[in-house]
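Undergrad: Sequence and predicted structure are below.
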Amino acid sequence: VQLQASGGGLVQAGGSLRLSCVASGLTSNINALGWYRQAPGKQRELVAVISSAGSTKYADSLKGRFTISRDNARDTVHLQMNNLKPEDTAVYYCNGGTYYSDGNYHPWNYWGQGTQVTVSS
């Protein structure tokens, strides 16, 4: 499994960025792709995930500002981030996992290389 992330950068508070992740070599246990982030000194946390059927899961604090979408034909997932805040500064990682019918998500140990998002105040 390979996950290639892109789209990070430096943006001012209130701005927008769009992250993309292209997946290849997906295995049968992966029916969802998503994003996690890790800020300095903090644990990695879920941002958003989307299943191949289009079901989504977001971190509660990010609902309304972030939108995840998926192009199944290209095994690509996008994360549109609007109204960015300095606390969104982190390395964002693409992940492959299993999205269950009860809404829970299990991240398998398939991670992209990470893309840095820096939001200045």
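TA: Cool, got the structure.
Undergrad: beta partners for Ser20?
TA: On the basis of DSSP bridges, Ser20 takes part in beta bridges with Ser6, His78.
Undergrad: The residue nearest in space to the middle of the chain: helix or strand, and which one exactly?
TA: Residue closest to the average C-alpha location in the chain (C-alpha atoms, centre = their mean): Trp35, at 1.9 Å. Taking DSSP states H and E as the criterion, Trp35 maps to strand 32-38.
Undergrad: helices or strands up against that strand?
TA: Judged by 3 or more C-beta pairs under 8 Å, 6 or more residues apart in numbering; DSSP states H and E, strand 32-38 is in contact with strand 17-24, strand 45-51, strand 66-71, strand 76-81, strand 90-99, strand 105-111. Backbone N, C-alpha and C define where each C-beta goes, glycine included.
Undergrad: mind putting the ones you listed in a markdown table, mean pLDDT included?
TA: As requested, the helices and strands packed on strand 32-38 are arranged in a markdown table below (pLDDT from 0 to 100):
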| stretch | mean pLDDT |
| --- | --- |
| strand 17-24 | 97 |
| strand 45-51 | 97 |
| strand 66-71 | 96 |
| strand 76-81 | 97 |
| strand 90-99 | 97 |
| strand 105-111 | 95 |
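Undergrad: can you tell me how far Leu17 sits from Pro40?
TA: Separation of Leu17 from Pro40 (C-beta to C-beta, to the nearest Å): 19 Å.
Undergrad: Could you do Val49 as well?
TA: 23 Å.
Undergrad: These two: which has the busier surroundings?
TA: Taking other C-beta atoms under 10 Å, Val49 and Pro40 do not tie; Val49 has more neighbours (26 against 7).
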